[in-house]
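With the sequence up front, the predicted model follows.
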Amino acid sequence: MHGCLALVLHAHLPFVRHPEHERFLEESWLFEAITETYVPLVQLLEGWRRDGIPARLTLSLSPTLCSMLRDPLLQDRYLRHLDGLLELAEKEILRTRWEPACHQLALMYHHRFHSIRESYLAWRRDLVLAFKEFQDLGRIEIITCAATHAVLPLLAGHPPSVRAQILVARDHYRACFGREPRGLWLPECAYASGVEAVLREAGVRWFIVETHGLLHATPRPRHGVFAPIFTPNGLAVFGRDPDSAKQVWSRQEGYPGDVRYRDFYRDLGFDLDFEYVQPYLPSPDARGFTGLKYHRVTGPGPEKEIYVRDEALRAAAGHADHFLGARAAQIQGLARIMDRPPLVVAPYDAELFGHWWYEGPEFLDHLVRQTASGQRAVRLTTPQEYLDQNPTQQVAAPAPSSWGEGGHLRAWLNEANQWIIPHLRVAQERMSELARKFPAPAALQERALRQAARELLLAQASDWPFILRTATSPDYARQRVRDHLLRFAELYQQLTGGAVDARWLGPLEETDNLFPDVNWRYWAPL
């Protein structure tokens, strides 16, 4: 009996859009991910389709990411960013002409950026459309997430907010992909009992939890994390396989730390004269990443050797072979003691492949092609496909869990970010009050109610408390939370005071413009 491998890539970025600035540092998060992860993933799908490779992947696309990918302003700015990369690569081809190793890398980057640009324009700048087409062809399954990636257990004290996060995401998925979402990625894999009722209302059939969320289910699952369970509400729950996670994520043992791979942190934006790289930096006032990196991991010390692309590609192929061999051995051992095909669920942040781990797309390509090359132990599948083929599973109640630090919610509720929670509680109750107060709003009130919903959703995003905990861009995260809460408070005052300021509302609708048809009535208490 063979077994199944479900690769699940979770693609998410916080909603960052600043039309009031010509260039904005944090918008580069999106631009880097498009160049290094999202377009390369589309190119992989195109290659597998061309070569008849029966790849089956699950892709989670968060609503905030889809909103940014389809935004004309950000599409224009991304092309400007990509043209800058091409210009810098051209300058580097000239500058490195007497440095053969770096010269070859400059040529590689120029070719790669040109290929990315061609693919992006071939899909008319709409990567959501590209992924939709591959789903319509049956190549991938796309699932959704909570509307702004809120940690749902932290909203459990206000059930209408949990309901709104899920139903707004469901509506957005329908608008993007023309069908109903069957799976939903719980943000941060954070689960607490009670979320299933809203998932059922949204038509969702399954979700994924961290390993201990399934292993500590009640009663204990007979098959561990290697088969789903059904909750008493009838939803299927899949658990993350710890072994496949460790091989990729572990700082000590994970593949991306191999000395042959490209070093993420060593970048021309820090190595060359500031005046030379300034036009290509995310912010013109400070050094930052350009995306052109000439060094490999080498080792833990500061000294880095020059990156050798061919060696890195051989490493990626070797690691893909090792990963597949480990899954085959794992599955063969499980098959001897299970009465159904073992399932290994391997979820990862999509941005790992290409952005953080530059050779990640090549790893995926080799893995998928080797899986389809005639070996019989491992078959790629999706969670939904596994359910369709194995509809009878044990009933159990998952345990509270997340894939954050310590397996619980410490990353999003701690001394650095706990101040957010009381403010959210007040805003959430006020949103429900507004939903009750306006059964038949006038046109201007309707606009204000929708904008209030957008501001509250954005304030609830998990990204801001996480950034505050990690201290990567704490000032920006703190300001984003404050801005959205203050905007919501002003909208609440205007709506309850009976006078909405249309001249103030218009620019706000232009800035925070996601979910144009958001249903603010979801916050009404049931």
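Looks like it arrived, so ask away. Numbers count the residues shown, from 1 in each chain.

From here on, just use CA atoms for contacts and neighbour counts.
Noted.

list the helices and strands the helix or strand containing residue 318 packs on?
Assigning secondary structure by DSSP states H and E places residue 318 in helix 309-335. Helices and strands touching helix 309-335, by 3 or more CA pairs under 8 Å, 6 or more residues apart in numbering; DSSP states H and E, are strand 3-11, helix 242-249, strand 343-349, helix 360-371, strand 378-380.

Swap in 10 Å and give it another go.
With contacts defined as 3 or more CA pairs under 10 Å, 6 or more residues apart in numbering; DSSP states H and E, the packing partners of helix 309-335 are strand 3-11, helix 100-122, helix 242-249, strand 343-349, helix 360-371, strand 378-380.

Could you save these as JSON lines and add columns showing distance to residue 453?
JSON lines is the format used below for the helices and strands packed on helix 309-335 (distance: least, CA to CA, whole Å):
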{"stretch": "strand 3-11", "distance to residue 453": "23"}
{"stretch": "helix 100-122", "distance to residue 453": "32"}
{"stretch": "helix 242-249", "distance to residue 453": "36"}
{"stretch": "strand 343-349", "distance to residue 453": "27"}
{"stretch": "helix 360-371", "distance to residue 453": "37"}
{"stretch": "strand 378-380", "distance to residue 453": "40"}
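
These: which one's closest to residue 185?
strand 3-11 (7.7 Å; CA to CA).

sorry, back to before: where among the helices and strands packed on helix 309-335 is the average confidence lowest?
Among these, helix 242-249 carries the lowest mean pLDDT, a mean of 91.

Give me the buried positions along it.
242, 244, 247-249 (16 or more other CA atoms under 10 Å).

how big is the angle separating that helix from helix 309-335?
Per axes from the mean of the first three to the mean of the last three CA atoms, to 10 degrees, the angle that helix 242-249 makes with helix 309-335 is 170 degrees.

Look at the residue of the chain most remote from its centre and tell me its secondary structure.
In the chain, counting by CA atoms, centre = their mean, residue 98 sits farthest out from the average C-alpha position, at 40.6 Å. Secondary structure, DSSP: H, G, I helix; E, B strand; the rest coil: residue 98 is coil.

got a list of what residue 284 touches?
Neighbour list for residue 284: 23-25, 274-275, 277-278 [criterion: CA atoms under 10 Å, 6 or more residues apart in numbering].

ChimeraX command for the buried members of those residues?
Only the buried entries of these go into this ChimeraX selection, using 16+ other CA under 10 Å:
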select :23,25,274,277,278
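
need the contacts of residue 284 in TSV with secondary structure and pLDDT, can you?
Converted to TSV, the contacts of residue 284 look like this (DSSP: H, G, I helix; E, B strand; the rest coil; pLDDT from 0 to 100):
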residue	secondary structure	pLDDT
23	coil	90
24	coil	92
25	helix	93
274	helix	97
275	helix	96
277	helix	97
278	helix	96
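
of the contacts of residue 284, closest to residue 293?
The closest of those, once distances to residue 293 are taken by CA to CA, is residue 277, at 12.8 Å.

Tell me the spatial nearest neighbour of that closest one, not counting adjacent residues.
residue 269 (6.0 Å; CA to CA, 6 or more residues apart in numbering).

Next, the buried residues of the helix or strand hosting the one you found.
Assigned by DSSP H and E, residue 269 belongs to helix 268-271. For helix 268-271, the neighbour count (16+ other CA under 10 Å) marks 268-270 as buried.

which helices and strands sit right next to that helix?
helix 274-277.

Which of the helices and strands packed on helix 309-335 sits closest to residue 290?
helix 100-122 (11.4 Å).
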